[in-house]
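In: Got a predicted model here, sequence first, then my questions.
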Amino acid sequence: MSLFFRLILIIFILFFPITKKYLNNTKSYQNTIFFYNWTEYVPQEILNEFTKKTGIKIIYSTYESNESMYAKLKTYKKQSYDLVIPSTYFVEKMKNEGMIQKIEKKKIPNFSNLDPRFLNKSFDLNNEYSIPYMWGATAIGINTNKINPNSINSWNDLWKPKYYKSISLIDDAKEIFQMSLIKLGYPGNTNNIHYIEKAFIDLKKLMPNVISFNSDNPGYPFIEGSVNIGMIWNGSAYSVQKLGIPLKFIWPKEGGIFWMDSFVIPKNAKNIQGALKLINFLLRPDIAAKIAKKTGFSTPNLKAKKLLPLDMIHNDILYPSDEIINKGVWQNNIHVNISKKYEIYFQKLKNL
C-alpha cells in the first residue's frame, strides 16, 4: 500500500468515529425540541399531535415564574432550550441582555392569524424577537359564597383588616408592585425609586393579610377552599368557574394588570428550525383554539378566536371591553437596577 493511501486510511480511522458521532448528535438535535413553558399552558395531546405530524420529539419542562425561568436560562451556557414563553417585560429584558435571537417570521406563515392589536408592542417593535402566544390580565377573585361581591371594587380592598391571613397573591414581584403602584396612583411601570419605596411600605401593610403566593396556578387556592379572596389571572378564574366554584372575577376600579406571553428562541438554541415549525403549528387556528379552550386563557389569534364557543368569545373575563383594557396597565420592562430592587424588596416581603 502506498504511503498516500496509508495516510488516508489513518485519517479515516481517526476521524470517522468523531464525524459519525457529530452527525448523530446533529440528527438528534434536529429530531428533538426542548420546550420550556408555564405549567398547564399547552395540552399534552397538542404536543403529541405535533410529534405525530413531524416526527420531532418534544422534551417539555415547566416553570412557575419568569424569575425562575430567567435564572435557569442564565445558567445554561452550553446547553439550552429551543423554545421558551416569557411574559411581556421579560421579553425586552432578555432581548437587551442578548439571551434571545431574532425570529424568521417568513418561516411562520400562521403569524398572519394574529390580532394586530397585540403586535408591534413597545417591548419588541415589529416582533423581531417574540411572537404572541397568549394574553391575559390579573385582577381580583372572590368566592361569592363567602364574600359579598358588592363589597369589592378596588385593589385597596385587599388591605382591609378583616381579610387577615386570608389572601392569596401572585408569586411575581412585578405584579405585586404594580398592584400597589396603581393603587397609590403611580405609574405601573415606573423607574422612580421613590414611588417604589412607597409601594414597598404599602405592601408591608398588606402582608399580615397574605396566606399564600401562587404563580403555578392562582386558581388552586380557590379550588381547594384555602382562600376566598386574592389576586388571580383571568384565565385561571374562568377555569375555576367552569368547575362550578362560585368565583367572581372583579376588575378593580384602578385598572387590571395586563400581560402577554410570547414565544422566544434562546440565543444558544440547538434546534431553531424545529422551534419555528412548532411556533407555526401552535399558531394554526384549530390548534390555537384547542389550546385556548383547554387552558382557559385568551388567544391573540383572530382566526382561532372565531372557532371558540360563544360563551368564551362573549365572556368579559377572557375578552374584556376596550374600555377595561385601556384603563389597565400593560407590563413593560423597567431599568435593570429597579428590577433588582423589586426582587430584594419582594423577598423581604415574603420573609415578613
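Out: Looks like it arrived, so ask away.
In: quick one: the strands in the chain?
Out: 32-38, 57-63, 83-84, 131-143, 167-169, 210-213, 229-233, 247-250, 257-263, 329-330 (DSSP state E).
In: Redo these as CSV? Include mean pLDDT and mean neighbour count.
Out: The C-beta positions use only the backbone N, C-alpha and C, and glycine is treated the same way. Shown next, in CSV, are the strands of the chain (pLDDT from 0 to 100; neighbours: other Cβ atoms under 10 Å):
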stretch, mean pLDDT, mean neighbour count
strand 32-38, 96, 22
strand 57-63, 96, 16
strand 83-84, 98, 26
strand 131-143, 97, 24
strand 167-169, 97, 24
strand 210-213, 95, 19
strand 229-233, 97, 26
strand 247-250, 98, 20
strand 257-263, 96, 25
strand 329-330, 92, 18
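In: can you redo those as JSON lines with distance to E197?
Out: As requested, these are exported to JSON lines (distance: least, Cβ to Cβ, whole Å):
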{"stretch": "strand 32-38", "distance to E197": "31"}
{"stretch": "strand 57-63", "distance to E197": "29"}
{"stretch": "strand 83-84", "distance to E197": "32"}
{"stretch": "strand 131-143", "distance to E197": "23"}
{"stretch": "strand 167-169", "distance to E197": "19"}
{"stretch": "strand 210-213", "distance to E197": "20"}
{"stretch": "strand 229-233", "distance to E197": "22"}
{"stretch": "strand 247-250", "distance to E197": "28"}
{"stretch": "strand 257-263", "distance to E197": "20"}
{"stretch": "strand 329-330", "distance to E197": "19"}
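In: Looking at these, spot the one closest to D316.
Out: D316 lies closest to strand 247-250 among those, at 8.7 Å (Cβ to Cβ).
In: E254 - how many residues pack around it?
Out: 20 (other Cβ atoms under 10 Å).
In: ok, and the closest non-adjacent residue to it?
Out: Nearest residue to E254 in three dimensions, chain neighbours excluded: I182, at 4.7 Å (Cβ to Cβ, 6 or more residues apart in numbering).
In: and the one you found, how far is that from S122?
Out: Distance of I182 to S122, given as Cβ to Cβ, to the nearest Å: 18 Å.
In: More neighbours: the two, which one.
Out: The residue with more neighbours, out of I182 and S122, is I182; 20 against 11, by other Cβ under 10 Å.
In: Touching, the more buried one and Q331? I think so.
Out: No. Using Cβ atoms under 8 Å, I182 is not in contact with Q331; the gap is 11.7 Å.
In: who touches both of those two?
Out: 188, 257 (Cβ atoms under 8 Å, 6 or more residues apart in numbering).
In: Report the contact partners of H314.
Out: H314 touches nothing, counting by Cβ under 8 Å, 6+ apart.
In: backbone phi and psi for it, please?
Out: Here the main-chain torsion angles of H314 (degrees, to the nearest 10) amount to phi -100, psi 20.
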